[in-house]
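Asks: from the sequence below, what's the structure:
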Amino acid sequence: MQEEIEQADIDTLLEAASWAPSANNEQPWQYIYAQRGTAGFDLIKNCLNGANASWAKDASVLLVSIARKTFAGNQQENHSAMHDLGMSNMYLLTQALSMNIYGHMMGGFDKPKLTEALGLNSDQEIACVMALGFLDIPEKLEEPFKGRETSARSRKPSSDFAKQLI
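Replies: Reported below is the predicted structural model:
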């Protein structure tokens, strides 16, 4: 049996997320989550694309990351909402890592289906779904996931995406 993330730890992760900076201190992030073994977990998992559903089935928690697209005070478009949500996600994931909880971000999901399933309105936009849990041994994974976890990783050099102006 996989180790479960306790509710107190989930609360700590969400508290960390709350401290992310945001335009006008709007804090436009919203999170909907469910723990493994619940109907809510299955609802979220069933909206994931095939490979992600296979990957996420053993996660302790599935968390949907949502941005409110307008400012609460004046209903004007918040052009920074997705950026601010990303900052909040990073605060959450940094806290998680300090607790030996790992996150797998997923963009492969049926956005209209998940939006409807969660009862979201037109001001709420799902950015991603996160699988959260504790590391296990890669040998338990099916391919291609096992190979991905055990192979060397690489990133683009900064010279491919950064340019200094003189």
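Asks: report the buried residues of the helix ranked longest in the chain.
Replies: Criterion DSSP state H: the longest helix present in the chain is helix 81-98. Neighbour counts over helix 81-98 (16 or more other Cβ atoms under 10 Å) mark 81-82, 84-89, 91-93, 95-96 as buried. Placement of C-beta: from N, CA and C, glycine included.
Asks: so which elements touch that helix?
Replies: Helix 81-98 is packed against helix 7-18, strand 29-35, strand 61-68, strand 102-106, strand 124-133, with contacts defined by 3 or more Cβ pairs under 8 Å, 6 or more residues apart in numbering; DSSP states H and E.
Asks: any chance of those in CSV, with distance to residue 152 too?
Replies: Shown next, in CSV, are the helices and strands packed on helix 81-98 (distance: least, Cβ to Cβ, whole Å):
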stretch, distance to residue 152
helix 7-18, 29
strand 29-35, 32
strand 61-68, 28
strand 102-106, 18
strand 124-133, 23
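Asks: nearest to residue 44, out of these?
Replies: strand 61-68 (4.3 Å; Cβ to Cβ).
Asks: what sits up against that closest one?
Replies: Residues outside strand 61-68 that contact it (Cβ atoms under 8 Å, 6 or more residues apart in numbering): 5, 10, 26, 28-36, 41, 44-45, 56, 78, 81-82, 84-85, 88-89, 114, 118, 120, 123-133.
Asks: run the last query once more with 7 Å
Replies: 5, 10, 28-35, 41, 44-45, 56, 81-82, 85, 89, 114, 118, 120, 123-132 (Cβ atoms under 7 Å, 6 or more residues apart in numbering).
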